[in-house]
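K.L.:
Okay, sequence plus prediction incoming.
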Amino acid sequence: MQDYLERIYQDVCQVNPAEPEFQQAVHEVLDTLSPVLKRHREFVDAGVLERLVEPERQYIFRVPWVDDDGKIHVNRGYRIGFNSALGPYKGGLRFHPSVNISIIKFLGFEQIFKNSLTRQRIGGGKGGSNFNPQGRSDAEIMRFCQSFMTSLYQHIGEYTDVPAGDIGVGGREIGYLFGQYRRLTNRYEAGVLTGKAVNWGGSLLRTEATGYGTVLFAASMMAKRGSDLEDKRVVVSGSGNVAIYAIEKAQQLGAHVVAFSDSSGYVFDEAGVDVALLRQVKEVQRGRVADYVKARPQATLHTKGSIWDIPCAIALPCATQNELDEAAARTLIANGVEVVAEGANMPCTPAAVELFQAANCLFGPGKAANAGGVATSALEMEQNASREQWPAEKAEAKLVRIMADIHEECAETAAEYGEPGNYVMGANIAGFVRVANAIVDQGII
Ligand code: NDP
Ligand code: 2IT
């Protein structure tokens, strides 16, 4: 079986050269599937894996737009429908200068298994652009979003493909994208995008869901070992949507969060992060971490070294892929880290993950740990379909249930396949089996 999986991986590398992130994400999944294929020969016979590693469809398009000085810019847009066996393609849009086909494909591939783990009816997709929103005015962001949607609108829809936010795409961008979709289609199709503002179709708690869910997943892993977050020291990388609400939930559960970051550096705040201030700096002013320190002089800004040098019991990488490498993992382990839960997608390198597992540190992979965001997106679709809006308590209760179920399924699956405590294996196998069964049932398409 190992030979078969190795052959699939080699084929992926050959057909998709120069796509290191995509190859990494595929390798990470294939690496854990041998035991399940031994039990389910039908998945091999039906060519499930060969079909899973090839996206069902990929759109790449030009996005021209005009800046405030009248200068014309051209960016590249992407939308990849990876697999729709379980439901319409579902996944975010990322606007960041580093975006390329490899990054969108790694994210789309991961999304298949993550969405499967939520047990909601959503397939896997992803999109975005190499557009850099930093420093752009609202009017520039609006024109970019309108141009992006003008090329994308024919390919999405509530039963086809439902984009949402990711890095660089939040409520503001979803609003502009939705407005243009509505204008172009002459339809008020609320379920075509998620992450909408709550006064016109958004779900309460969608903003908080990914960060909250990541901490809930960490808490479930700890509870299984008879531990909890109370008084634990936490370091969170990033200071965007996921990071802010991971900090908030960790604090609600009694933890002591001492650091966060952005691409300009990290902030150490021994007294405990002031979330209200961080939200003001990041969500309202759209500022940098240095602006937090200006308003809170006892905190310190570090533009050299790594945030993972700070000793902590719980590390929550919530910024971007491959941000926590082998060296950082060694430092964290030497400093006694007990739990790592991935709020971001694939933030830990494979070597780092191996070290955490060997050190018996609880490790929650992003597919499981950050699934609360997309799960709440699916709840938003559910509310849109029934023209309801649930109170925050109902949305939160559902999120708590979904995260607990994901944790339990990952833990049980890992134990069933002989590796209790291996959440990477549990998440990959549980996510894979559900989608693989759907693929087999639906024939060769
Ligand atoms: P935001 O754009 O809100 O925040 C991203 C944060 O990460 C910022 O602080 C940003 O700093 C930092 N960051 C991004 N790219 C880099 C980089 N290349 N180097 C250093 N720092 C970087 O995005 P989100 O919080 O939504 O997303 C964070 C992660 O969580 C991503 O991996 C995303 O895929 C994942 N995720 C998001 C979900 C969601 O619902 N939003 C759901 C599940 C996962 P700066 O501003 O300086 O760039
Ligand atoms: O990575 C992710 O799961 C997201 N960016 C959220 C996707 C969504 O459709 O809510």
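P.N.:
Noted; the coordinates are in hand. Ligands and ions are numbered 1, 2, ... in the order given.

K.L.:
biggest strand in this protein by residues?
P.N.:
As assigned by DSSP state E, the longest strand anywhere in the chain is strand 72-83.

K.L.:
which parts of that strand are buried?
P.N.:
Applying a neighbour-count criterion of 16 or more other C-beta atoms under 10 Å, the buried positions in strand 72-83 are 75, 77-83. Just so you know, the C-beta spots here come from the backbone N, C-alpha and C atoms, and that holds for glycine as well.

K.L.:
now stretch 18-35
P.N.:
Applying a neighbour-count criterion of 16+ other C-beta under 10 Å, the buried positions in stretch 18-35 are 19, 21-26, 28-33.

K.L.:
Out of these, flag the one nearest to Gly418.
P.N.:
Taking C-beta to C-beta as the measure, Gly418 lies nearest Thr32 of the buried residues of stretch 18-35, at 11.8 Å.

K.L.:
so where do the strands sit in the stretch 301-445 of the chain?
P.N.:
Counting by DSSP state E, counting those that start in this stretch, the segments of the stretch 301-445 of the chain that form strands are 314-317, 339-341, 362-364.

K.L.:
Strand partners (parallel or antiparallel) of the last one?
P.N.:
Going back to what we said before, that points to strand 362-364. Partner strands for strand 362-364, per DSSP bridges, with pairing direction: strand 339-341 (parallel).

K.L.:
who touches the strand it pairs with?
P.N.:
Residues outside strand 339-341 that contact it (C-beta atoms under 8 Å, 6 or more residues apart in numbering): 214-215, 217-218, 221-222, 313-317, 324, 332, 348, 356, 361-364, 369.

K.L.:
now the buried residues of stretch 18-35 in a markdown table, with pLDDT and secondary structure?
P.N.:
Shown next, in a markdown table, are these (pLDDT from 0 to 100; DSSP: H, G, I helix; E, B strand; the rest coil):
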| residue | pLDDT | secondary structure |
| --- | --- | --- |
| Glu19 | 98 | coil |
| Glu21 | 98 | helix |
| Phe22 | 98 | helix |
| Gln23 | 98 | helix |
| Gln24 | 98 | helix |
| Ala25 | 98 | helix |
| Val26 | 98 | helix |
| Glu28 | 98 | helix |
| Val29 | 98 | helix |
| Leu30 | 98 | helix |
| Asp31 | 97 | coil |
| Thr32 | 98 | coil |
| Leu33 | 98 | coil |
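
K.L.:
Mind putting these into a markdown table with distance to ligand 1?
P.N.:
As requested, these are exported to a markdown table (distance: C-beta to the nearest ligand atom, whole Å):
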| residue | distance to ligand 1 |
| --- | --- |
| Glu19 | 17 |
| Glu21 | 11 |
| Phe22 | 15 |
| Gln23 | 18 |
| Gln24 | 14 |
| Ala25 | 12 |
| Val26 | 17 |
| Glu28 | 15 |
| Val29 | 17 |
| Leu30 | 21 |
| Asp31 | 21 |
| Thr32 | 20 |
| Leu33 | 23 |
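
K.L.:
Ser261 contacts Tyr292, correct?
P.N.:
No - with contacts defined as C-beta atoms under 8 Å, Ser261 does not count as touching Tyr292, sitting 10.7 Å away.

K.L.:
Which pLDDT does the model give the nearest residue to Ile402 once chain neighbours are set aside?
P.N.:
Distances taken as C-beta to C-beta, 6 or more residues apart in numbering put Ala375 closest to Ile402, at 4.7 Å, once the chain neighbours are dropped. Confidence at Ala375, expressed as pLDDT, is 99.
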